[in-house]
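A.B. asks: 3D model of this:
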Amino acid sequence: MTAWRKSSRSGANNNCVEARTEGDGFQVRDSKLGDGSPIFALKTSDFTSLLAIAKGE
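C.D. replies: Numbering: from 1, shown residues only. Presented below is the predicted three-dimensional model:
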């Protein structure tokens, strides 16, 4: 498991999602909630699709 990474576009208030690798997939959480945030597990293909949607591709 890797450390949580936050988007460089999260801004000064750090309201963003964080992601990390876990096994052969990814985990995503709400940075505002930190350790209290629910964690969503995604397969690599689903995480790639999520990023494409967020980028408007």
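
A.B. asks: quick one: contacts of stretch 5-20?
C.D. replies: With contact meaning CB atoms under 8 Å, 6 or more residues apart in numbering, stretch 5-20 is reached by 1-4, 26-32, 47. For every residue, glycine as well, the C-beta is placed using N, CA and C.

A.B. asks: mind running it again at 6 Å?
C.D. replies: Residues outside stretch 5-20 that contact it (CB atoms under 6 Å, 6 or more residues apart in numbering): 2, 4, 26-29, 31-32.

A.B. asks: tabulate these in a markdown table, adding columns for secondary structure.
C.D. replies: Output for the contacts of stretch 5-20, formatted as a markdown table (DSSP: H, G, I helix; E, B strand; the rest coil):
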| residue | secondary structure |
| --- | --- |
| 2 | coil |
| 4 | coil |
| 26 | strand |
| 27 | strand |
| 28 | strand |
| 29 | strand |
| 31 | coil |
| 32 | coil |
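
A.B. asks: buried among those? Make that a ChimeraX selection.
C.D. replies: To isolate the buried ones among the contacts of stretch 5-20 in ChimeraX, judged by 16 or more other CB atoms under 10 Å, type:
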select :4,26,27,28,29,31
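
A.B. asks: list just the nearest of the contacts of stretch 5-20 to residue 40.
C.D. replies: Nearest to residue 40 among the contacts of stretch 5-20 is residue 28, at 4.8 Å by CB to CB.
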